[in-house]
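Asker: Mind looking at a prediction? Sequence and model below.
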Amino acid sequence: LRPFGASVAFGKRALLATTCMGVALYTLHIFNRRGTCLFYKEWNRPSPSRGDLTQDHKLMFGFLFSLKQLVSKIAPKKGGFYACNTSAYKLNYFETMSGLRFVLCTELAAGDMREVLKYIYANIFVECLVKNPLWKAEDPITCPLFTQHLQNYLESIS
């Protein structure tokens, strides 16, 4: 599958960087429990941000917070939500016990991405950041090792 908005001129490396299991990736957000965006990565986003990126992060977190509250009130059993679709993209969601929120926006054809998000948390986030004595839990993620492992993982499963 070709990423939305991608042209045929993209090389193999660029295409791999924007797909996961053959599905186009648009954005990845990692929020702490207070709603601060610790990490943001964008690939071929269909509608690029037109303003302050900080406002986009607040809007995304507010959307997640509201949706999570709504689902908890109407769901017949406890389980929460892990994905929702709009007309343009699919939002995949994973929340850790400590309140970290991983949000991966993909094209609509994406299947269940929970295992991908769990892997990013358990095998990349924990290994590169939590076990790093120089990183503080509330700091933005600027560790090149984290970024490199994330990129390598997404390329390896495409």
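Answerer: Done, it's in.

Asker: Tabulate the CA atom coordinates of the longest helix belonging to the chain in CSV.
Answerer: Across the chain, the longest stretch assigned as helix under DSSP state H is helix 53-74. Provided in CSV are the C-alpha atoms of helix 53-74 (Å, rounded to 0.1, in the frame of the first residue of the first chain):
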residue,chain,number,x,y,z
LEU,A,53,2.3,22.1,17.3
THR,A,54,1.8,22.5,21.1
GLN,A,55,-1.9,23.3,20.4
ASP,A,56,-2.2,20.1,18.3
HIS,A,57,-0.8,18.1,21.2
LYS,A,58,-3.3,19.6,23.6
LEU,A,59,-6.1,19.0,21.2
MET,A,60,-5.1,15.3,20.8
PHE,A,61,-4.8,14.7,24.5
GLY,A,62,-8.1,16.4,25.2
PHE,A,63,-9.7,14.2,22.5
LEU,A,64,-8.2,11.1,24.1
PHE,A,65,-9.3,12.1,27.6
SER,A,66,-12.9,12.9,26.5
LEU,A,67,-13.2,9.7,24.5
LYS,A,68,-11.8,7.6,27.3
GLN,A,69,-14.3,9.1,29.7
LEU,A,70,-17.2,8.5,27.3
VAL,A,71,-16.2,4.9,26.6
SER,A,72,-15.9,4.1,30.3
LYS,A,73,-19.5,5.3,30.9
ILE,A,74,-21.1,3.5,28.0
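
Asker: Now do it: distance to the chain's middle.
Answerer: In this view, helix 53-74 has its centroid 14 Å away from the chain centroid, taken as Cα atoms, centre = their mean, to the nearest Å.

Asker: That one: which residues count as buried?
Answerer: For helix 53-74, burial by neighbour count (16 or more other Cβ atoms under 10 Å) applies to Asp56, His57, Met60, Phe61, Leu64. In this view, the C-beta of every residue, glycine as well, is placed from N, C-alpha and C.

Asker: what's the strand or helix carrying Phe102 packed up against?
Answerer: Per DSSP states H and E: Phe102 is located in strand 101-106. Strand 101-106 is packed against strand 23-31, helix 53-74, strand 90-95, helix 114-119, with contacts defined by 3 or more Cβ pairs under 8 Å, 6 or more residues apart in numbering; DSSP states H and E.
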